[in-house]
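> build me a model:
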Amino acid sequence: IGFLGSVRDGFGIYAWHVANRLEKPKYTVVQRLARGVEVREYEAYNVAEITFKRPDTMKAGTAKGFRGVAGYIFGKNRARGRRAVALSEPSEKMAMTAPVR
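Numbers count the residues shown, from 1 in each chain. Next up, the predicted model:
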(Lines give C-alpha, C1' and ligand atoms only; values in the text may rest on other atoms or scores of the structure.)
Protein backbone atom coordinates (compact mmCIF):
# COMPACT_ATOMS: atom_id res chain seq x y z
CA ILE A 1 0.00 0.00 0.00
CA GLY A 2 2.91 2.36 0.75
CA PHE A 3 4.31 2.30 -2.79
CA LEU A 4 0.92 2.52 -4.50
CA GLY A 5 -0.11 5.34 -2.18
CA SER A 6 3.06 7.24 -3.09
CA VAL A 7 2.40 6.74 -6.81
CA ARG A 8 -1.20 7.93 -6.39
CA ASP A 9 -0.11 10.98 -4.40
CA GLY A 10 2.61 11.79 -6.93
CA PHE A 11 0.16 11.57 -9.81
CA GLY A 12 -2.29 13.78 -7.91
CA ILE A 13 0.34 16.46 -7.37
CA TYR A 14 1.33 16.30 -11.05
CA ALA A 15 -2.32 16.57 -12.19
CA TRP A 16 -2.87 19.54 -9.85
CA HIS A 17 0.21 21.27 -11.27
CA VAL A 18 -0.90 20.72 -14.88
CA ALA A 19 -4.46 21.92 -14.16
CA ASN A 20 -3.18 25.11 -12.53
CA ARG A 21 -1.17 25.97 -15.65
CA LEU A 22 -4.25 25.92 -17.91
CA GLU A 23 -5.69 29.19 -19.14
CA LYS A 24 -8.65 30.29 -17.04
CA PRO A 25 -11.24 33.02 -17.69
CA LYS A 26 -10.16 36.40 -16.33
CA TYR A 27 -12.30 37.92 -13.57
CA THR A 28 -12.44 40.63 -10.95
CA VAL A 29 -13.70 40.05 -7.42
CA VAL A 30 -16.79 42.22 -6.89
CA GLN A 31 -17.44 41.24 -3.29
CA ARG A 32 -16.00 38.89 -0.66
CA LEU A 33 -18.54 37.06 1.49
CA ALA A 34 -18.19 34.89 4.58
CA ARG A 35 -16.31 31.56 4.46
CA GLY A 36 -14.14 32.55 1.48
CA VAL A 37 -17.02 32.96 -1.00
CA GLU A 38 -16.33 35.47 -3.79
CA VAL A 39 -18.80 37.24 -6.09
CA ARG A 40 -16.95 37.53 -9.39
CA GLU A 41 -17.42 39.36 -12.69
CA TYR A 42 -15.91 37.47 -15.62
CA GLU A 43 -14.61 38.88 -18.90
CA ALA A 44 -16.23 37.52 -22.06
CA TYR A 45 -14.87 34.19 -23.34
CA ASN A 46 -15.76 31.55 -25.94
CA VAL A 47 -17.02 28.05 -25.25
CA ALA A 48 -17.40 25.33 -27.88
CA GLU A 49 -19.96 22.61 -27.20
CA ILE A 50 -22.08 20.21 -29.21
CA THR A 51 -25.52 18.68 -28.75
CA PHE A 52 -26.55 15.40 -30.35
CA LYS A 53 -28.90 12.46 -29.86
CA ARG A 54 -27.84 9.86 -27.30
CA PRO A 55 -25.54 7.30 -28.97
CA ASP A 56 -25.53 3.56 -28.33
CA THR A 57 -22.24 3.58 -26.43
CA MET A 58 -20.13 6.00 -24.39
CA LYS A 59 -17.26 5.47 -26.84
CA ALA A 60 -19.44 6.50 -29.79
CA GLY A 61 -20.67 9.57 -27.91
CA THR A 62 -17.16 10.61 -26.94
CA ALA A 63 -15.93 10.27 -30.52
CA LYS A 64 -18.87 12.19 -31.97
CA GLY A 65 -18.58 14.96 -29.37
CA PHE A 66 -14.83 15.31 -29.84
CA ARG A 67 -15.09 15.46 -33.64
CA GLY A 68 -17.83 18.10 -33.46
CA VAL A 69 -16.00 20.38 -31.04
CA ALA A 70 -12.64 19.90 -32.78
CA GLY A 71 -14.27 20.74 -36.12
CA TYR A 72 -15.62 23.97 -34.68
CA ILE A 73 -12.30 24.94 -33.11
CA PHE A 74 -10.46 24.36 -36.39
CA GLY A 75 -12.89 26.44 -38.47
CA LYS A 76 -15.73 24.12 -39.59
CA ASN A 77 -18.46 26.43 -38.36
CA ARG A 78 -20.81 29.15 -39.46
CA ALA A 79 -21.98 32.35 -37.83
CA ARG A 80 -25.53 32.29 -36.44
CA GLY A 81 -28.16 34.91 -35.74
CA ARG A 82 -27.52 38.46 -36.95
CA ARG A 83 -24.05 37.57 -38.13
CA ALA A 84 -25.44 34.83 -40.40
CA VAL A 85 -27.06 37.53 -42.53
CA ALA A 86 -23.65 38.35 -43.97
CA LEU A 87 -23.35 35.21 -46.10
CA SER A 88 -19.91 36.18 -47.32
CA GLU A 89 -18.52 36.03 -43.80
CA PRO A 90 -15.93 33.23 -43.45
CA SER A 91 -15.95 30.60 -40.75
CA GLU A 92 -14.13 31.41 -37.52
CA LYS A 93 -11.21 29.65 -35.88
CA MET A 94 -10.55 29.81 -32.16
CA ALA A 95 -7.47 29.03 -30.13
CA MET A 96 -7.53 25.75 -28.26
CA THR A 97 -6.15 26.85 -24.93
CA ALA A 98 -6.92 23.84 -22.76
CA PRO A 99 -6.65 20.14 -23.56
CA VAL A 100 -9.78 18.16 -24.29
CA ARG A 101 -10.53 15.67 -21.54
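> what are the boundaries of the helices in this structure?
2-20, 58-73 (DSSP state H).
> for the ones you listed, which one sits closest to residue 39?
Distance to residue 39, taken as C-beta to C-beta, is lowest for helix 2-20 among these, at 22.6 Å. Using the backbone N, CA and C atoms, a C-beta is placed for each residue, glycine as well.
> what about that closest one, average pLDDT?
Averaged over helix 2-20, pLDDT sits at 80.
> can you tell me how far residue 24 sits from residue 43?
Distance, residue 24 to residue 43, using C-beta to C-beta, to the nearest Å: 11 Å.
> tell me which of the two has more neighbours.
residue 24 (12 against 8; other C-beta atoms under 10 Å).
> about what we covered before: I'd like the helices of the chain laid out as CSV, including distance to residue 48 and mean neighbour count.
Shown next, in CSV, are the helices of the chain (distance: least, C-beta to C-beta, whole Å; neighbours: other C-beta atoms under 10 Å):
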stretch, distance to residue 48, mean neighbour count
helix 2-20, 19, 9
helix 58-73, 5, 14
